[in-house]
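> 3D, please:
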Amino acid sequence: MQLTILGGGGFRVPLVVDSVAGARSRVDIDQIVLYDLDPARLQVIAAVVAEQLAGRPDAPRVRLETDLRSAVENTDVLFSAMRVGGTEGRVRDEQVARDLGVLGQETIGPGGLAYAMRTVPVVDGVARLVADVAPQAWVVSFTNPAGLVTEAMRTHLGDRVVGICDTPIGLLRSAARALRLPQREVTGDYLGLNHLGWLRSLEHDGADHLPALLADRRLLLRLDEAALYDVEWLQALGSLPGEYLHYYEPSAAREQAGPGRAEFLARQQAAFFEAGPGEGAAQRWKAALAERENTYMADARTREHTDLSGGQREGGGYHEVAVDLMAALLTGAPAWMILNLANDGVIPTLPDDAVIEVSAHVDAGGARPVGPHAPLTLAQLGLVTSVKASERLAIEAARSGSRELAWRAFAEHPLVRSPELGRQLVDGYLAAEPLLREVLTRP
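All right, here's what the predicted structure looks like:
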């Protein structure tokens, strides 16, 4: 079977290849196609991957492609990991917002909307091509902002596309570790949007262990997320918020000082790729990965909490989530996961085709929300519906080219809430981002 990775020159692609190669007993991927528009980056990642797979007799074949149709044809599963605009685009996404005193983060608020608006036309084209030349393929989307991009791709591919993120399963496993429960055996009621969700139960052997966790301050301090939130606030909520909800706190925008995360990653990745595909590429990549992961959300954490010297956070990275999903879809082995899927009535106030992030059952027939799901609180529901409204405006703006709809998307987001500021954001992004100027072509 063939796996195609769009964005095959991406820095984290070796994590995916290594996970796929290690899972051949679960799902027999014998060929991986790495597709990217940048052949130089593709060669560097290919060198890292070649060193990773050297000496492994069961290693899948790796093929490089810069032609999208050739990469997609005959594939069984496609991982969409594109970053439209590259790391420099991310720098602009964050900096325009920061310059206006608004949260500058690539997936949350204005930065996420700007990223989405230049990405939607690209993923629309990809999805149409997949529907044409590989309608049998499953598409696993981890292009950010994941929920919004998955929703856009569903227009063309329906249930054949599933969005993933590693933060919800990371939260679940963090809670399981705190209680010394077997991480792979725990499930729960998780609901919200991508980077905006809550864990409301923690189930193992027929019992909900979340109340016991919330009742014990000592246990709560074991959570990775305890470095982001006031523990007493977690107890008051009665649920565990995902780590990205920290960015919705009023203090988050005020905490932005010095170079942003995007600037750090842009400099680091430029240095890595400029070193080229020569001998030792895999070792250079490992060193850069460890540095990258050790600085993850460092601006938000209130204290050192997790040892990241091994190069990734505990809880399973998105590469592991992608392989788990792929294995369930291609082999039919049932799996419980947390995924980005169509709402289909789970949150009654949202349209059925709106993509939410939700606990789900996966098998060869696809992925479906699995309950029971407790209702969101009014405060949670207000935030979810407001963000979803902004996301859908952003999709419509990208498809129509309307600057007015883009203005509304920015202005109505809960981290902006200002027509004047929304207009300034549109003007700022249009001035800074040439790809967005190509998308927003009419008033």
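
> what helix or strand is Gly197 on?
Assigned by DSSP states H and E, Gly197 belongs to strand 196-199.

> and the contacts of that strand?
168, 171-172, 175, 188-192, 210, 237, 239-242, 244-245, 248, 357, 376, 380, 383-384, 387 (C-beta atoms under 8 Å, 6 or more residues apart in numbering). Bear in mind the C-beta positions are built from the backbone N, C-alpha and C, glycine included.

> that one pairs with which strands, parallel or anti?
The pairing partners recorded for strand 196-199 under DSSP bridges are strand 190-193 (antiparallel), strand 240-241 (antiparallel).

> need these in JSON lines with distance to Ser201 and mean neighbour count, can you?
Below are the strands paired with strand 196-199 laid out as JSON lines (distance: least, C-beta to C-beta, whole Å; neighbours: other C-beta atoms under 10 Å):
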{"stretch": "strand 190-193", "distance to Ser201": "9", "mean neighbour count": "27"}
{"stretch": "strand 240-241", "distance to Ser201": "10", "mean neighbour count": "24"}
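
> can you redo those strands as TSV with distance to Asn294?
As requested, the strands paired with strand 196-199 are exported to TSV (distance: least, C-beta to C-beta, whole Å):
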stretch	distance to Asn294
strand 190-193	27
strand 240-241	23
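
> need those strands in JSON lines with distance to Leu435 and mean pLDDT, can you?
Listed next are the strands paired with strand 196-199 as JSON lines, based on distance: least, C-beta to C-beta, whole Å; pLDDT from 0 to 100:
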{"stretch": "strand 190-193", "distance to Leu435": "25", "mean pLDDT": "98"}
{"stretch": "strand 240-241", "distance to Leu435": "33", "mean pLDDT": "97"}
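
> just to revisit the earlier point, among the contacts of strand 196-199, which lie within helices?
The helices, defined by DSSP state H, take in 168, 171-172, 175, 210, 237, 380, 383-384, 387 from the contacts of strand 196-199.

> out of the residues you listed, grab the one that's most surrounded.
In terms of neighbours by other C-beta atoms under 10 Å, the ones in helices among the contacts of strand 196-199 top out with Pro168 at 29 neighbours.

> OK, contacts around Ser359?
187-191, 336-338, 369-371, 373.

> can you flag which of the residues you listed belong to strands?
190-191, 336-338, 369 (DSSP state E).

> which single one of those residues is nearest to Val133?
Met337 (27.8 Å; C-beta to C-beta).

> restricting to C-alpha, output the worst-scoring helix or strand of the chain on mean pLDDT in CSV.
Ranked by mean pLDDT, DSSP states H and E, the weakest helix or strand in the chain is helix 251-254, scoring a mean of 75. Below are the C-alpha coordinates for helix 251-254, written out as CSV (Å, rounded to 0.1, in the frame of the first residue of the first chain):
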residue,chain,number,x,y,z
SER,A,251,-3.1,37.8,29.9
ALA,A,252,-1.9,35.8,26.9
ALA,A,253,-1.6,38.8,24.5
ARG,A,254,0.1,40.9,27.2
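
> in that helix, what's buried?
252-253 (16 or more other C-beta atoms under 10 Å).

> so how far is it from its chain's centroid?
Helix 251-254 sits 22 Å away from the centroid of its parent chain (C-alpha atoms, centre = their mean, to the nearest Å).

> quick check: which ranges of the stretch 151-300 of the chain have low pLDDT?
255, 257-259, 295-300 (pLDDT under 70).

> which SS class is Thr4?
Three-state assignment for Thr4 (DSSP: H, G, I helix; E, B strand; the rest coil): strand.

> how much space between it and Thr75?
4 Å (C-beta to C-beta, to the nearest Å).

> the two: which has the busier surroundings?
Neighbours per residue (other C-beta under 10 Å) separate Thr4 from Thr75, with Thr4 holding more: 28 against 23.

> quick one, what contacts Gln31?
So Gln31 contacts 1-3, 60-63 (C-beta under 8 Å, 6+ apart).

> and Gly10, helix, strand or coil?
Strictly by three-state DSSP, Gly10 counts as coil.

> and the pLDDT for the closest residue to it other than its chain neighbours?
Closest residue in space to Gly10, ignoring its immediate chain neighbours: Ala81 at 5.4 Å, by C-beta to C-beta, 6 or more residues apart in numbering. Ala81 is assigned a predicted lDDT (pLDDT) of 94.

> returning to that earlier point: just the CA trace of the strand holding Gly197, in CSV.
Presented in CSV, the C-alpha positions along strand 196-199 are these (Å, rounded to 0.1, in the frame of the first residue of the first chain):
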residue,chain,number,x,y,z
LEU,A,196,-10.5,24.7,21.8
GLY,A,197,-11.8,21.6,23.7
TRP,A,198,-12.3,20.1,27.1
LEU,A,199,-11.9,16.6,28.6
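
> which of the residues in it are buried?
Residues 196-199 are the ones in strand 196-199 that count as buried (16+ other C-beta under 10 Å).

> thinking again about what came up before, which ones among the contacts of Gln31 map onto strands?
Per DSSP E, the subset of the contacts of Gln31 in strands is 2-3, 61-63.

> tell me how many other residues crowd the closest residue in space to Leu228 that isn't next to it in sequence.
Nearest residue to Leu228, sequence neighbours excluded (C-beta to C-beta, 6+ apart): His246, at 4.6 Å. Residues near His246, counting by other C-beta under 10 Å, number 20.

> doesn't Ala227 make contact with His246?
No - in this structure, His246 is not within contact of Ala227 by C-beta atoms under 8 Å, at 9.7 Å.

> and the gap between the residue nearest to Leu228 and Gly188?
20 Å.

> ditto for Arg41
Distance from Arg41 to Gly188, by C-beta to C-beta: 38 Å.

> over to Gln269?
In terms of C-beta to C-beta, Gln269 sits 35 Å off from Gly188.
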